[in-house]
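Trainee: missing the sequence, but the structure's below:
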């Protein structure tokens, strides 16, 4: 099983640049050794289960709540049985079809 989590989380009360806080979340994801892809608008994380994906969101919130009175989260999860390594394979599938 593969759960692809696409999410953004950040404090809303820390001004216009929040990379200092977002980097703490990314460090947690990296330390847990999940495959992830940082984008300009959020982060994609691949976990083996839905529970793990939801735990990433919860742990991310727990990190930021220490620094902020208000935290914003958006999340989508794509779950597929009998599959893994979809962060890369989904992109490769499209590239192969358009000859990039």
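Mentor: Sure, I can see it. Predicted, not measured: the structure shown is a model, and the values here were computed from it. Numbering: from 1, shown residues only.

Trainee: Now for this protein, the helix or strand with the poorest mean pLDDT.
Mentor: Confidence across the helices and strands of the chain bottoms out at helix 86-98, with a mean of 88, counting by mean pLDDT, DSSP states H and E.

Trainee: which of the residues in it are buried?
Mentor: Along helix 86-98, the positions that meet the burial threshold by neighbour count (16 or more other Cβ atoms under 10 Å) are 86-87, 90. (C-beta placed from N, C-alpha, C; glycine too.)

Trainee: Format those residues as CSV; extra columns: distance to residue 35.
Mentor: Putting these into CSV (distance: Cβ to Cβ, whole Å) gives the following:
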residue, distance to residue 35
86, 9
87, 5
90, 12
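
Trainee: Looking at the residues you listed, spot the one nearest residue 68.
Mentor: Comparing the buried residues of helix 86-98 against residue 68 with Cβ to Cβ picks out residue 87 as the nearest, at 28.2 Å.

Trainee: residues in contact with that closest one?
Mentor: Residues near residue 87 by Cβ atoms under 8 Å, 6 or more residues apart in numbering: 4, 35-37, 44, 46.

Trainee: mind running it again at 6 Å?
Mentor: Going by Cβ atoms under 6 Å, 6 or more residues apart in numbering, residue 87 touches 35, 37, 44, 46.
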